[in-house]
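K.L.:
Let's see this in three dimensions:
(3 chains)
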Amino acid sequence: MLTPALRIASKDLRLSLRGAQGLAQTALLGLLLIFVFSLSRKPGDPVPALAAAAIFWLSSLFAQVLVFNGLYSLEENNGARLGLAMAPMPPQAVWLGKALAGITLLLVCQCVFALAVAAFLGQSVEGSPLVGVAAVVTVDVGLAALGSLMGALASGKSSRESLLTVVFFPLIIPVLLAGIRLLEGVLTAGEGASLDWLGMAAAFAAVFSAAAIVLFPHLYTGEE
Amino acid sequence: MLRLTSVAKFYGERLVFKGVDLELRPGRVLMVVGANGAGKSTLLRVMAGLSRPSAGELSCSLDKGQMAYLGHQTFIYPEDTALENLRFWTGLYGLGLGDEALEAALERVGLKKFSQERAGHFSRGMAQRLNLARVFCIAPRLLFLDEPDTGLDEASRAILHQEIERAGQGERSVVWVSHHLERDLAKADEVLHLDRGRVAYHGPVAGFDASVMAGASTC
Amino acid sequence: MISVLAVAAALALSVAQWFIWVYAPVEETMGVVQKIFYIHLPLAWWAMMSFLLVFAASVMVIWRKDQRWDRIAGAACEAGVLFSGLALITGSLWGKPIWNVWWTWDPRLTTTLIMWFVYAAYLILRQAGIGGERGAVVRAALGIVAFLDVPLVFYSARKWRSIHPTVFGQPGGGLEPEMLSALLVSIFAVGLFWAALVTLRSRQLTQTAALRNIFLHQTR
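P.N.:
Next up is the predicted model:
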């Protein structure tokens, strides 16, 4: 399963980066969100770390939705979904491949967002940057696991990607809260970055990865 | 190599077809005919394992890797070059073909000098020939054709048909959905006629009265 | 079956009213406002049961590929969104005089609100005909994923809140025996009403599907 998943991931990354508009648009939208939020403060007023963390994850969430819509739409133009469904590999390889490609793209966007949060919202890392990276990656795994499953739900002729956002956002709330708390902890060197929240994010990733592995073969078929 | 026992397919409450029994033996070309919306493509997808039958049984002695599907959709990624497209698809089948083998496949469909071109710049005929090159590399034991020649120019269609005939030889089988009966029927061994969700005829080509399809063959 | 259930539900609800207003004593500190609790809790309880039923029926759709389960999931989800919406409103009406706020970050409240969002979205997606030919499976996947989220939402909401001091005590502890029996009667009565509603809606959905089927087969 890993080999075809890696093939799919590398193909998706190549296509996403070659077109590049997709990634640039995603990063720009997130940047814009952070910038607009910075306007809500008077110059010189410090932004609370909690608010900065929340806006970072909000940008990431929008980026995530765009990234996965883009990844799953690659197959829709010329019916390549049929080809993937016919290929001699477990269907979950598609889920895993797209999740890997998605998390890579998301991390690229988040590098930009992190700089923007530091610049526009005047944040600096007081805690351990290593914990910060671990926290962001763990939360991203959860986002990618569910995002890749949702992308498969939306694929097909009668897809309604915009509608799926409506269900995706409330579903993601547990891991979003975890991400905000963890990031706040890293920004302020406080106790927010506790193991509990990291465990919460890991549990979210585990639950939805398991759900995706069970459900994906039923969802990603040759039917329209 | 492929056997269907009283297979039925519903979409929700809507019946697409039911009571389909058939056995496909190696080296046979089976043509599936019927009016528009008779469920030909759906039957093909069920046979190819792309769509689960709602009832009945489907048994297949082949691996997924020994089957291939060629429909009117081209399966190409427009941002990739012809060679990259081919490398991706053959890679998924674990064929481990080098660039020379891929170039040779492109040569066969007359796309060799475009191997570094982005597939998005191709005409419909060229894209479909690239799709055909994918099928060559897979060299399937069982090939599913769903009106692959729709919207092709004459030259591309000629290449396509030449290769389809080659694919139907030896131990290799083809299941073919076609609208152009008067042209394609001669290439088939068996016919399965779907009419209003049921099998109206299934047997050798010789026994099939194509005139019952006269109205449909022109659409 | 439905009419029997409906009549039983009407009778039981009337009896429950008697238990609520006559049998159960008026709560000492909260006064008569506390009576809303006898409606609020059964609604919340049966809303959760609806979501559990959506989950169970969705599992059956994936497992058995039977359209009937898909319609039961749809009917249960409608009831769940209605009941949890009413539970949120009654809870809000209750909270205003007691806690002096319409809304507070309480894990149970937050979980109910988030689940209301998720299942309302599920209903919208159902209505929009998401998934096309794979519709039933896509809806079932949503129903399963949504229910898996419930414990995660509850736990994270509780954890989020825990660093702030607890301003409001949890209601519901230490009920008088009369209050408890009134509550149980009310839960039972609302349960009958719920069962009647879900049965009625799933039968309506079945009949709609059957009509569409007849129409489709006549026009082809």
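
K.L.:
so what pLDDT did residue 211 get?
P.N.:
Answering for chain A, as no chain was given. A:Ala211 carries a pLDDT value of 96.

K.L.:
if you could check chain C rather than the one you did, that'd help
P.N.:
pLDDT, C:Leu211: 87.

K.L.:
which secondary structure element contains it?
P.N.:
If you go by DSSP states H and E, C:Leu211 is part of helix C:177-219.

K.L.:
next one: that helix to chain centre, how far?
P.N.:
What separates the centre of helix C:177-219 from the centre of its chain is 12 Å, taken as C-alpha atoms, centre = their mean, to the nearest Å.

K.L.:
which strands and helices sit next to that helix?
P.N.:
strand B:14-24, helix C:2-18, helix C:37-64, helix C:67-99 (3 or more C-beta pairs under 8 Å, 6 or more residues apart in numbering or on different chains; DSSP states H and E). Using the backbone N, CA and C atoms, a C-beta is placed for each residue, glycine as well.

K.L.:
Can the shortest one be said to contact chain A?
P.N.:
No. Applying C-beta under 8 Å from any C-beta of the partner chain, one finds strand B:14-24 separated from chain A by no less than 11.1 Å.

K.L.:
Chain A contacts on chain C?
P.N.:
Selection of chain C residues close to chain A by C-beta under 8 Å from any C-beta yields C:62, C:114, C:117-118, C:121-122, C:124-125, C:128-134, C:137-138, C:140-142, C:144-146, C:148-149, C:152-153, C:155-157, C:159-160.

K.L.:
need the helices for the chain, in chain order.
P.N.:
Using chain A. Remark: helices assigned in chain A by DSSP state H are A:2-19, A:21-38, A:49-73, A:80-86, A:92-120, A:129-154, A:161-171, A:173-188, A:195-219.

K.L.:
right idea, wrong chain: chain B
P.N.:
B:40-47, B:82-92, B:99-108, B:124-138, B:154-167, B:181-184, B:214-217.

K.L.:
doesn't B:Leu2 make contact with B:Cys60?
P.N.:
Yes. Assessed by C-beta atoms under 8 Å, B:Cys60 is found in contact with B:Leu2 at 5.0 Å.

K.L.:
Just the CA trace of stretch C:73-86, in PDB.
P.N.:
The C-alpha atoms that make up stretch C:73-86 are tabulated as PDB, following Å, rounded to 0.1, in the frame of the first residue of the first chain:
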ATOM      1  CA  ALA C  73     -30.800   7.300   9.200                       C
ATOM      2  CA  GLY C  74     -32.400  10.300   7.400                       C
ATOM      3  CA  ALA C  75     -35.500  10.200   9.600                       C
ATOM      4  CA  ALA C  76     -33.500   9.800  12.800                       C
ATOM      5  CA  CYS C  77     -31.200  12.700  11.800                       C
ATOM      6  CA  GLU C  78     -34.200  15.000  11.200                       C
ATOM      7  CA  ALA C  79     -35.600  14.100  14.600                       C
ATOM      8  CA  GLY C  80     -32.200  14.500  16.200                       C
ATOM      9  CA  VAL C  81     -31.700  18.000  14.700                       C
ATOM     10  CA  LEU C  82     -35.200  19.000  15.800                       C
ATOM     11  CA  PHE C  83     -34.800  17.600  19.300                       C
ATOM     12  CA  SER C  84     -31.300  18.900  19.900                       C
ATOM     13  CA  GLY C  85     -32.400  22.300  18.600                       C
ATOM     14  CA  LEU C  86     -35.300  22.400  21.000                       C
END
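
K.L.:
What residues of that stretch count as buried?
P.N.:
For stretch C:73-86, burial by neighbour count (16 or more other C-beta atoms under 10 Å in any protein chain shown) applies to C:73-85.

K.L.:
Any quick ChimeraX command for the buried ones out of the residues of chain C next to chain A?
P.N.:
Applied in ChimeraX, the following selects the buried portion of the residues of chain C next to chain A according to 16+ other C-beta under 10 Å:
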select /C:62,114,117,118,121,122,125,130,131,133,134,137,138,140,141,142,144,145,146,148,149,152,153,155,156,157,159,160
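
K.L.:
filter the residues of chain C next to chain A down to the ones near chain B?
P.N.:
Restricting the residues of chain C next to chain A to those within reach of chain B (C-beta under 8 Å from any C-beta) leaves C:Glu133.

K.L.:
And the pLDDT at residue 139?
P.N.:
Picking chain A for this. A:Val139 is given a pLDDT of 96.

K.L.:
meant chain B, my bad for not saying
P.N.:
With respect to pLDDT, B:Ala139 scores 87.

K.L.:
For A:Met86, see how far away it is.
P.N.:
To A:Met86, B:Ala139 is 14 Å away according to C-beta to C-beta, to the nearest Å.

K.L.:
who has more neighbours, these two?
P.N.:
Neighbour count, other C-beta atoms under 10 Å in any protein chain shown: between B:Ala139 and A:Met86, A:Met86 has more, with 25 against 13.

K.L.:
Report the separation between the more buried one and B:Leu92.
P.N.:
A:Met86 sits 9 Å away from B:Leu92, going by C-beta to C-beta.

K.L.:
Name the residues of chain A found near chain C, please.
P.N.:
Counting by C-beta under 8 Å from any C-beta, the residues of chain A lying close to chain C are A:146, A:149, A:153-154, A:156-160, A:163-164, A:166-167, A:169-171, A:173-175, A:177-178, A:181, A:196-197, A:200, A:203-204, A:207-208, A:211, A:215, A:218-219, A:221, A:223-224.

K.L.:
ok, now chain B?
P.N.:
So chain B meets chain C at B:10-15, B:37, B:51-52, B:54, B:196 (C-beta under 8 Å from any C-beta).

K.L.:
Distance from the lowest-mean-pLDDT helix or strand in chain A to the middle of the chain?
P.N.:
Between all helices and strands in chain A, the lowest mean by mean pLDDT, DSSP states H and E belongs to helix A:161-171, at a mean of 82. Taking C-alpha atoms, centre = their mean, the mean C-alpha location of helix A:161-171 is offset from the chain mean by 13 Å.
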